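**Student:** have a look; sequence and predicted model below, questions after that.
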Amino acid sequence: MRVDEGAPGMDAAEARRVLELCNACQFCDAYCAVFPALKRRRDVTLADLAFLSNLCHSCRTCYHACQYAPPHGFDVNVPRSLSWVRHRTYQDHVWPRPLAPWFRNDGRFVLGVHLLAVAVCLAFGIVWIPPEVLLGRHVDPGAFYRVVPWGLLAGSAGLAVGWSLLAIGGAILSFWRGMGPLPPGVAWRPALREALRDAATLRNLGGGGAGCNDRDERFSRARRRFHHAMAYGVASCFAATAVATVYDHALGWPAPYPLLSAPVLLGTLGGVGILIGTAGLAWLKRGADPGPVAPELSGADRALLVQLFLVAASGLALLVARETPLMGPLLLVHLGVVLALFATLPYGKFLHAPFRFAALLRAALERHASGR
Amino acid sequence: MVHKAHPPARPVRAFRFDEHIVRRCDVVVVGGGAAALCAAISARRSGASVLMLESAPKALRGGNARHSRNFRIMHDGPTPFIQGRYDADDVRSDLRRVTGGRMDDVVADRLIGESAGIVGWLSENGVRFQDAGDGNLPYSRKTAFFHGGGKALVNALYETAARLGVDIRYDSEVYWLDLGEGLAPSVTVRCLDGEQVLSAGAVVAASGGFQANGDWLRECWGAVADQIVTRGTPHATGTVLKGLLDLGAAPVGDAGCGHMVAVDARSPRFDGGIVTRLDGLAQGVVVDRDGRRFADEGSDIGPTRFSVWGDRVARCAEGLAFSIFDSVIERRFRPSIFPAIRAGSVGELAVALGIAPKALEQTVGAYNAAIRSGGGLPDWRTEGLDPPKSRQAAPIAVPPFGAYPVRAGLTSTQLGVRVDERARVLDRCGIPMDGIFAAGVIMAPNVIGRGYLAGIAMTIGAVFGRIAGREAAAHARR
């Protein structure tokens, strides 16, 4: 693992120092899965750091409960130390490897791609689509394809999604290996069930019952709820797309669909969820105690929130304005944002989702290992 | 940081008529740890206006409670937070065993009786307890663990106190106490914006022992005072304890006693808490500055081993010892948070530790030669060695060899003021001092005049904090 750069003092050695101190204390063992997983180890290796840092949900509860947090001389700050290491694991496992420099912590690459994609789509529209089509009112079935031909729309989106899946899959494989060999005698079935439950409920953002220190030393469940709104919003949008695909190809009903159809309802619900979730998460970040976070890394977090917000906002705008002359330009903007989202997913903060799941699965496998 | 060793012997009466004296509230609570918080909350819930004076800054508030983890609780059957059964007779006999009878039976019985309900009361005041069967905690039928440890408990109690309307002042060190001679008692506090004399209907002293007061420790303990570290708050200067004793409160306990554990000698002077504790002394051998063994390392291998070694190391030359092990033994215990000092041979290790190489080589050689390794590792022992190693006598043979420097770490001192079962401070004639109450380590020696029981100090703080707050409120509003 490459850990030789970053903020001074924020490296693998620092994270190790902090975790070894934690292991001697373990007062936080009921807060989340990190501390019981740490307890199973006598020493903390680089592979352990990759695992534990991605298991950490950065909830800050252990920071506020820490007798050794600054200004104590031991200067223990688990969320901050682990967020640096976690950030390194994203860079280290980018696929393909030569693209690792694309992963940045400030979100400039990600947002740059968005601007570029929207600009290219709009330029395409201006150059290739006759103005009376681009700015015309289309209300009949197949209206979207009149502006952008189906082949181009589906082809470009398919290419972006395919690339995204390939690159994310490569990153997950590399990360899984990076966490080191599994203990002997693991039981996959119960472990998988627990990991899925932990991911679906964000159990580790529960602070063991009372919630987390989202912003300060008071307990709250806001971050967990906003994240649910966002994540289930994304899922709902995927469901909308899947249903629409079935309508179009299996049943021969081309988009756009009526307001009370499954794709529109699912998409609208999802879009609103994403708007609320991303805005809420960004709002929590703004007012939060800066002590336990790594502000240098929050650019990547914000970039993903902005990305998802733009997708949802442009999608909902398209829905609202789909029977007006603005439909054409909005479709191009939405297309650009979606293409950029998928193209950049493997090179941004989105990686936290599959990596977190992999770490949750590993933690569950360790709990269900017989050989220890 | 102010370490005021000796507050003036007598209060200056003229202060009482000084225009700066302000009757601020019904109850002043001196201190900011668990006992003070429980006293403040309890007094406030009894209807009193309460001012709490914590000498630490906000970030380091909470006294030694910040480093704590569990309460020792009497209970007649399992609850979600504690397993098995630990009845009043069990607690009493444990107390009698470790104190050798140095305990006040009436006060102890009040503690034991009220400990049963303290988990519920603390829960009502925001403290969360850890599920005893969550798979993370060791089996415990004697103590209930709170969720997240002492700082989480302290945070929860401060939040509750503030919500109830307790006036909490940080950076406010009380260095003077005036009984008021039949009128209201008062305290003089030094805070960031100067000094102030505050009078109140009643005062609860919950300011701990004097374990952070180097001068006082040296006076009672001699040179060893400079060779130990204090595991808890640097604000435990004992100023209020000393003030009460000077004002005629009856002493209880022993100024020469304190709870100590073996810690890594590289620990910070204060506030090292739980993590500096050294494990593994029973696994290898322990030698002094001269490279000689001085105790049976196998005598205590249970939870008492930490404090046994604290006392032993404090008696060593310069208060310093070394835990010696090899690469095989090292895998059998949890490492220190500080790196081991390592060397390829015993002689080189001695040089790195500043011990004469020949002396350490001779000690290790004689120890290895005396080992009789019959049965399992726990039964391995030495024969013909003085002092012997009666258990776990594994050879120190496989390089690299390693060592940790060891010192004694002081948790708290065991000199206090005498109280009755209502937490009223008693004078030397056994008469309650008007309007003066005490809770926590400052009165803990009434119950535990010597020795140590895990989690008992927290229970004393919570139970007598609750009692003192209630009694002080009643006294102030009578």
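**Tutor:** Right, received. Where do you want to start? Numbers count the residues shown, from 1 in each chain, chains lettered A, B, ... in the order given.
**Student:** near chain A, which residues of chain B? Just list them.
**Tutor:** Neighbours of chain A within chain B, by C-beta under 8 Å from any C-beta of the partner chain: B:59-60, B:66-67, B:69, B:128, B:130-131, B:134-137, B:147-152, B:155, B:159, B:268, B:271, B:273-275, B:277, B:331, B:334-337. In short, each C-beta sits where N, CA and C put it, glycine included.
**Student:** what about 6 Å?
**Tutor:** Where chain B comes near chain A, counting by C-beta under 6 Å from any C-beta of the partner chain, the residues are B:59, B:66-67, B:69, B:130, B:134, B:136, B:147-149, B:151-152, B:155, B:268, B:273-275, B:337.
**Student:** the stretch 151-300 of chain A: helices as residue ranges?
**Tutor:** Listed in chain order, the helices of the stretch 151-300 of chain A (DSSP state H, counting those that start in this stretch) span residues A:188-201, A:222-245, A:262-287, A:298-320.
**Student:** out of these, nearest to B:Asp87?
**Tutor:** Closest to B:Asp87 of these, according to C-beta to C-beta: helix A:188-201, at 38.4 Å.
**Student:** close to chain B, is that closest one?
**Tutor:** No: against chain B, helix A:188-201 shows no contacts by C-beta under 6 Å from any C-beta, the least distance being 12.9 Å.
**Student:** quick one, phi/psi of the residue of the stretch 1-150 of chain A found nearest chain B?
**Tutor:** The nearest approach of the stretch 1-150 of chain A to chain B comes at A:Phe27, 2.8 Å away (C-beta to the nearest C-beta). Comment: the main-chain dihedrals of A:Phe27 come out as phi -70, psi -20, following degrees, to the nearest 10.
**Student:** number of nearby residues for the residue nearest to it when sequence neighbours are not counted?
**Tutor:** Spatial nearest neighbour of A:Phe27, chain neighbours left out: B:Gly149 (2.8 Å); criterion: C-beta to C-beta, 6 or more residues apart in numbering or on different chains. Here the number of neighbours of B:Gly149 (other C-beta atoms under 10 Å in any protein chain shown) works out to 28.
**Student:** per-residue pLDDT, B:Gly149?
**Tutor:** Note for B:Gly149: predicted pLDDT of 95.
**Student:** correct me, but it touches A:Gln26?
**Tutor:** No: distance between B:Gly149 and A:Gln26: 8.8 Å, which falls outside the contact criterion (C-beta atoms under 6 Å).
**Student:** tell me the contacts of the residue of the stretch 101-250 of chain A found nearest chain B?
**Tutor:** Taking C-beta to the nearest C-beta as the measure, the stretch 101-250 of chain A has A:Glu217 as its residue closest to chain B, at 5.5 Å. For A:Glu217, the residues meeting the contact criterion (C-beta atoms under 6 Å, 6 or more residues apart in numbering or on different chains) are A:His64, B:Asn155.
**Student:** any low-confidence regions in the stretch 101-250 of chain B?
**Tutor:** Along the stretch 101-250 of chain B, segments meeting pLDDT under 70 are nowhere present.
**Student:** if I look at whichever residue of it sits closest to chain A, how far off is A:Cys62?
**Tutor:** Relative to chain A, the nearest point of the stretch 101-250 of chain B is B:Gly149 (2.8 Å; C-beta to the nearest C-beta). B:Gly149 is 10 Å from A:Cys62, where distance means C-beta to C-beta, to the nearest Å.
**Student:** coming back round to it: report the buried members of the residues of chain B next to chain A.
**Tutor:** If you count burial by 16 or more other C-beta atoms under 10 Å in any protein chain shown, the buried members of these come out as B:66-67, B:69, B:130, B:136, B:147-149, B:151-152, B:155, B:268, B:273-275, B:337.
**Student:** among the residues you listed, which are in helices?
**Tutor:** B:Lys151, B:Ala152, B:Asn155 (DSSP state H).
**Student:** then stretch B:75-83 to CSV, C-alphas only?
**Tutor:** Included here for stretch B:75-83 are C-alpha records, laid out as CSV according to Å, rounded to 0.1, in the frame of the first residue of the first chain:
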residue,chain,number,x,y,z
HIS,B,75,-27.7,-7.5,42.6
ASP,B,76,-29.7,-10.6,43.4
GLY,B,77,-30.1,-11.9,39.9
PRO,B,78,-29.0,-11.2,36.3
THR,B,79,-30.1,-8.0,34.5
PRO,B,80,-29.4,-7.0,30.9
PHE,B,81,-26.3,-5.2,32.1
ILE,B,82,-24.8,-7.7,34.6
GLN,B,83,-24.7,-11.4,34.9
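**Student:** that one - what's its average pLDDT?
**Tutor:** Mean predicted confidence for stretch B:75-83 is 94.
**Student:** over to stretch B:54-65?
**Tutor:** pLDDT averaged over stretch B:54-65 gives 96.
**Student:** what's the end-to-end length of that stretch?
**Tutor:** Criterion C-alpha to C-alpha, to the nearest Å; first-to-last residue distance in stretch B:54-65 is 13 Å.
**Student:** which residues touch that stretch?
**Tutor:** Among residues not part of stretch B:54-65, those counted as contacts by C-beta under 6 Å, 6+ apart are A:71, B:32-34, B:150, B:154, B:170-171, B:173, B:208, B:232-233, B:235.
**Student:** and the residues you listed as TSV, adding distance to B:Ile436, neighbour count and secondary structure?
**Tutor:** Compiled in TSV, these are given as follows (distance: C-beta to C-beta, whole Å; neighbours: other C-beta atoms under 10 Å in any protein chain shown; DSSP: H, G, I helix; E, B strand; the rest coil):
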residue	distance to B:Ile436	neighbour count	secondary structure
A:Pro71	34	8	coil
B:Gly32	19	32	coil
B:Gly33	18	33	coil
B:Ala34	20	32	helix
B:Gly150	27	25	helix
B:Val154	25	23	helix
B:Tyr170	23	18	coil
B:Asp171	24	16	coil
B:Glu173	19	22	strand
B:Gly208	16	34	coil
B:Gly232	24	28	coil
B:Thr233	23	26	coil
B:His235	21	27	coil
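**Student:** closest one of the residues you listed to B:Leu111?
**Tutor:** Using C-beta to C-beta, the shortest approach to B:Leu111 within the contacts of stretch B:54-65 belongs to B:Ala34, at 14.2 Å.
**Student:** what about the helices in the stretch 51-200 of chain B?
**Tutor:** Counting by DSSP H, counting those that start in this stretch, the segments of the stretch 51-200 of chain B that form helices are B:88-99, B:105-124, B:150-164.
**Student:** ok, and which of those helices has the densest surroundings?
**Tutor:** Mean neighbour counts were compared across the helices of the stretch 51-200 of chain B using mean count of other C-beta atoms under 10 Å in any protein chain shown; the top stretch is helix B:150-164, at a mean of 22.
**Student:** how far is that helix from where the chain is centred?
**Tutor:** Once both centres are worked out by C-alpha atoms, centre = their mean, to the nearest Å, helix B:150-164 turns out to sit 20 Å from its chain's centre.
**Student:** what's it packed up against?
**Tutor:** Using 3 or more C-beta pairs under 6 Å, 6 or more residues apart in numbering or on different chains; DSSP states H and E as the contact criterion, the neighbours of helix B:150-164 among helices and strands are helix B:34-45.
**Student:** give me the nearest residue to the residue in the stretch 351-478 of chain B that chain A sits nearest to, chain neighbours excluded.
**Tutor:** The shortest separation between the stretch 351-478 of chain B and chain A is 12.8 Å, found at B:Tyr404 (distances taken as C-beta to the nearest C-beta). Leaving aside its chain neighbours, B:Tyr404 sits nearest to B:Ser323 (4.6 Å; criterion: C-beta to C-beta, 6+ apart).
**Student:** state the distance from that neighbour to B:Pro335.
**Tutor:** Distance of B:Ser323 to B:Pro335, given as C-beta to C-beta: 11 Å.
**Student:** you'd agree A:Leu318 is up against A:Leu335?
**Tutor:** No: when contacts are counted by C-beta under 6 Å, A:Leu318 is not listed as touching A:Leu335 (9.6 Å).
**Student:** higher neighbour count, these two?
**Tutor:** Set side by side, A:Leu318 and A:Leu335 show more neighbours around A:Leu335, with 27 against 22, by other C-beta under 10 Å.
**Student:** now that one: which helix or strand?
**Tutor:** Taking DSSP states H and E as the criterion, A:Leu335 maps to helix A:327-344.
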